[in-house]
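Engineer: structure of the sequence below:
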Amino acid sequence: MRSLIAAVRAHRAAADFLAWPGDFELDRSDHGEEVHLASGAALEGFAGDGAGGTYFFCGTGGEERPVLYADSEGQAALVAIGLAELLQLLLAVPWWRDCQAFTGEESGELAEEYLQDMPDLAERRERAAAALGLAVPTAAVALTRLHEVATGPGREVVLVLTPENSPYDPLIGA
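Structural biologist: Sure thing, here's the model as predicted:
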């Protein structure tokens, strides 16, 4: 089975799109503060964003593990079941953190803002998806899945700030 992390590193088009507009970089895996999962399961930072947020694999295994996102403001949410699902979200809706209603309509409005600065967004997305061998879901499908994961199995995944033994707040509500 091929590694998607290796594929991102190997394909400049994919890495560039994920870096912007996706705000996802494999070289930013340090969260900056000591955290752990309340369940005691393993937690492995593997990527981050420009604002200090971190993507973590939860549990043991490979890239199929659940992915938790924690921002730098003390909020966290399970955002995908496996790296492939996360990358599909970032390809379809790189502005997912700005979506509050989790609808395709809301995503379309946000996309307009990005298209003003990046008119070739669709072409760049397609090149990145092809390089990774991933299909790009519609924004509505990707956002629905994000909400399902965060409010379904994600309710059981609690990130804790270790020094204070205090849980992060939910990033995505029910």
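Engineer: okay, helices next: where are they in the chain?
Structural biologist: Taking DSSP state H as the test, the helices found in the chain are 4-10, 12-19, 83-92, 104-117, 121-132, 139-151.
Engineer: check which residues of the last one are buried.
Structural biologist: It stands for helix 139-151. Ala139, Ala140, Ala142, Leu143, Arg145, Leu146, His147, Val149, Ala150, Thr151 (16 or more other CB atoms under 10 Å). Backbone N, C-alpha and C define where each C-beta goes, glycine included.
Engineer: same question for stretch 117-128.
Structural biologist: By 16+ other CB under 10 Å, the buried positions in stretch 117-128 come out as Met118, Arg124, Arg125, Arg127, Ala128.
Engineer: contacts for the least confident helix or strand in the chain by mean pLDDT, please.
Structural biologist: Least confident helix or strand, the chain: helix 104-117 with a mean of 88, by mean pLDDT, DSSP states H and E. Helix 104-117 has contacts (CB atoms under 8 Å, 6 or more residues apart in numbering) with Pro21, Val93, Pro94, Trp95, Asp98, Cys99, Gln100, Leu121, Thr138, Ala139, Ala140, Leu143.
Engineer: quick check, nearest of these to Glu44?
Structural biologist: Closest approach between the contacts of helix 104-117 and Glu44, by CB to CB: Pro94, at 23.0 Å.
Engineer: wait, isn't the closest one in contact with Asp49?
Structural biologist: No. Under the criterion of CB atoms under 8 Å, Pro94 is not in contact with Asp49, lying 10.6 Å apart.
Engineer: rebuild the contacts of helix 104-117 as CSV, extending it with pLDDT and distance to Ala42.
Structural biologist: As requested, the contacts of helix 104-117 are exported to CSV (pLDDT from 0 to 100; distance: CB to CB, whole Å):
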residue, pLDDT, distance to Ala42
Pro21, 96, 30
Val93, 96, 28
Pro94, 96, 28
Trp95, 94, 30
Asp98, 91, 30
Cys99, 89, 29
Gln100, 85, 31
Leu121, 95, 36
Thr138, 95, 33
Ala139, 94, 32
Ala140, 93, 33
Leu143, 95, 28
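Engineer: out of the residues you listed, which comes closest to Ser166?
Structural biologist: Nearest to Ser166, judged by CB to CB, of those is Gln100 at 24.8 Å.
Engineer: okay, that closest one and His11: tell me how far apart.
Structural biologist: Distance, Gln100 to His11, by CB to CB, to the nearest Å: 32 Å.
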